[in-house]
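Colleague: everything below, folded, please.
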Amino acid sequence: MVWIFGGGFFSGTSTLDVYDGRFLAAKENVIVVSMQYRLGPFGFLYVDPEVQGNMGLWDQHLALQWVQKHIVKFGGDPTKVTLFGESAGAASVTLQYLSPESRPLFQRMIIQSASALNRWALSTKSVAHDAGLAFIKTSDCFGSGRNLKKAVGCLRKLPAETLFDRLYELSIASAARRDSRLVSLVPTQWPAKFLPSAAQYFEVIMRPVLDGDFLPDCPTTLLKSIQEGEAPEALVGNVDKEGMYWLLYGLGIRGVDFLSDEGTVTRPTLDQLKAAEIDYFQLIQMRFMSVGHLVPAFSAMTTAQYGLNSPFVKRIMNHDFGVPFNAISSEVDFLNRLDDLSGEMDFVCGTQLFAKLLAAMKGAKVQYYNFMHKTVGSQFPAWVGAMHGSEIEYVFGMPFSSEFQANFYKFTEDEKNLSAKMMRYWANFARSGNAAINRDGTEFGPSWPEFDGTTQKYMEIDLKQQTMKHHLRNKSCNFWNDDFPSIARAYVSATQPDRLGGSMRPKICPHLEFDLYDVEPLENFVHGADGTRASGATFHSASS
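Modeller: This is a model prediction of the structure:
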């Protein structure tokens, strides 16, 4: 079982306490392998033609090659390799599967909370090149001639710490560009308090790129090209509150202090939330669009889907399709609606779509789960639920780790039993391709039917019971996976101008993040050493 950690492709390490593989290995008699891979600019900078990106993915590929060559020396079998990961690690698992270079190096995969089809997991060359040029600008590596070869040489001479610090500057520039798009829609008399309050809400600026090498084509095209003999066996799933973590850490609501410096969480009152005049449209806008005539159709569908109102949309459309604030029953109800919007948009629906496409392949075997439990002893209150990453400590057996509990928090006896079940499910799948079949062939827990696009059966995993259900968030995911891309694709195909001086019109892959806005180059929002903002930058061309 080969683990790839997550962290948005810019943070993380395989040596975190929660990834200690000793307990999974010992209790389930499996070999657990973890890897390091380059992150941030070291792993995912793309500047055509000087830096081709995806270095972090090639690092993962090298680790898989190492396993093939050496795992037999540890008692392992190179023909029984299961690749598993969470968040960006899960997206990496699916990207390794999509790559013809890596696919032969493992047989099964466990995909926890993300996939290559999540909007933040993969970039076009044009968008990645735009971010790369802006990163060079943050590092003051452009000389007067803007020679890319010399600029990249300058980056290589800078300390690693300096380069990672520049990622923060890049995120500030991206937030500034996002705000400028929204301001372009805001009437001049519109109160400043309605401008975005989520300065750095879950943004992955440097990420894998559709490079034509490691990833020779769009993910959906690559899936269609996979032969029957390579049909996948996959365990796929999500946690119940995928969006809540990002709301707590990244959504800066005026007058509301979710998190203290000590890491404790305070739930705002309904009156506080009402006074903050939170606008769901900001969560959408910061990701997808700023063109006025695209707003009505999209906002109407979104408000109808989530029952959230928008002062901003109401102002520009003279109508609000959402639920009036006084119709929302409680602060938890409101936060849950935001969690649904955020979690489905960013994690659940892209993961589910990948599972559907896998399941549709001839010979495929896919099982799906939804993890429901929030650890009782953690610093977070019960109302936040099972947030993004909550299942990891159970998969790695942390309730059996005295060191982890001494350093972080305690687990109950029921939670120890839950961890034993999770480890058994994961190991069973790695051994046989069926999480509910033990190594001796007996069934473990309730029957776990395969997932398919029609019945969409999944296992709901909670503290004391596991229950088969079906059609997890089906209506919402139909919106994000079908309706929204249709609207977006029609708009982009009809109206989007060529980007970056006319030479980098992006290739639009189905279900990938779309460039829906008229993009001003990110470099223009980077402040120079003298504190001034760049303008009128000239770009070297690169292919899309």
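
Colleague: could I get stretch 379-394 in CSV with only the CA atoms?
Modeller: Output in CSV follows, covering the C-alpha atoms of stretch 379-394 (Å, rounded to 0.1, in the frame of the first residue of the first chain):
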residue,chain,number,x,y,z
GLN,A,379,-10.4,20.5,19.5
PHE,A,380,-13.3,21.0,17.1
PRO,A,381,-16.9,21.2,18.3
ALA,A,382,-19.5,18.6,17.3
TRP,A,383,-21.3,20.9,14.9
VAL,A,384,-18.4,21.0,12.4
GLY,A,385,-18.9,17.3,11.6
ALA,A,386,-16.5,15.0,9.8
MET,A,387,-14.3,17.6,8.0
HIS,A,388,-11.9,17.2,5.1
GLY,A,389,-9.2,14.7,6.2
SER,A,390,-11.1,13.3,9.2
GLU,A,391,-10.8,9.7,8.0
ILE,A,392,-7.0,9.7,7.8
GLU,A,393,-6.4,9.1,11.5
TYR,A,394,-8.6,6.1,11.4
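
Colleague: let the chain start at 5 from now.
Modeller: Happy to do that; since the first residue is 5 now, the last one works out to stretch 383-398.

Colleague: who touches that stretch?
Modeller: 10, 22-23, 90-91, 116-117, 241, 243-250, 252, 267-269, 271, 336, 339, 343, 347, 351, 375-379, 403, 408, 413, 419, 422-423, 426-427, 465 (CB atoms under 8 Å, 6 or more residues apart in numbering). The C-beta positions use only the backbone N, C-alpha and C, and glycine is treated the same way.

Colleague: what helix or strand does the residue lying closest to residue 39 once chain neighbours are set aside sit in?
Modeller: Ranked by CB to CB, 6 or more residues apart in numbering and with sequence neighbours excluded, the top spatial neighbour of residue 39 is residue 67, at 3.9 Å. In this assignment (DSSP states H and E), residue 67 forms part of helix 59-74.

Colleague: for residue 333, give me the pLDDT.
Modeller: Note for residue 333: predicted pLDDT of 77.

Colleague: how many other residues sit next to it?
Modeller: Residues lying near residue 333 (other CB atoms under 10 Å) number 9.

Colleague: residues near residue 372, how many?
Modeller: 27.

Colleague: which residue ranges make up the domains of this protein?
Modeller: According to automatic domain parsing, the chain comprises the domains 6-126+215-246+350-478, 163-210+252-342+480-529.

Colleague: quick one: end-to-end length of the longest one, please.
Modeller: Here the two ends of domain 6-126+215-246+350-478 are set 31 Å apart, with distance taken as CA to CA, to the nearest Å.

Colleague: swap in the last one?
Modeller: The first residue of domain 163-210+252-342+480-529 is 24 Å away from its last residue (CA to CA).

Colleague: sorry, back to before: got the domains of the chain as a markdown table, with distance to residue 152 columns?
Modeller: Output for those, formatted as a markdown table (distance: least, CB to CB, whole Å):
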| stretch | distance to residue 152 |
| --- | --- |
| domain 6-126+215-246+350-478 | 5 |
| domain 163-210+252-342+480-529 | 13 |
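
Colleague: for those, which has the smallest mean pLDDT value?
Modeller: What stands lowest among those, in mean pLDDT terms, is domain 163-210+252-342+480-529, with a mean of 68.

Colleague: helix or strand for residue 146, which one?
Modeller: Counting by DSSP H and E, no helix or strand carries residue 146.

Colleague: phi, psi for residue 481 please.
Modeller: With angles defined as degrees, to the nearest 10, residue 481 sits at phi -70, psi -30.

Colleague: can you give me the neighbour number for residue 249?
Modeller: For residue 249, using other CB under 10 Å, the count is 21.

Colleague: next helix or strand past the helix or strand harbouring it?
Modeller: Using DSSP H and E, residue 249 falls within helix 248-254. As assigned by DSSP H and E, the chain's next helix or strand after helix 248-254 is helix 274-280.

Colleague: check which helices and strands that following helix is in contact with.
Modeller: Contacts defined by 3 or more CB pairs under 8 Å, 6 or more residues apart in numbering; DSSP states H and E place helix 274-280 against helix 335-347.

Colleague: how about the helix it packs on as CSV, C-alpha atoms only?
Modeller: Extracted in CSV, the C-alpha atoms of helix 335-347 (Å, rounded to 0.1, in the frame of the first residue of the first chain):
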residue,chain,number,x,y,z
GLU,A,335,-26.7,29.3,12.4
VAL,A,336,-25.9,25.6,11.9
ASP,A,337,-28.4,25.4,9.1
PHE,A,338,-26.8,28.4,7.3
LEU,A,339,-23.2,27.1,7.8
ASN,A,340,-24.3,23.7,6.6
ARG,A,341,-25.6,25.3,3.4
LEU,A,342,-22.3,27.0,2.9
ASP,A,343,-20.5,23.7,3.6
ASP,A,344,-22.7,21.9,1.0
LEU,A,345,-21.9,24.5,-1.6
SER,A,346,-18.1,24.6,-0.8
GLY,A,347,-17.7,20.9,-0.3
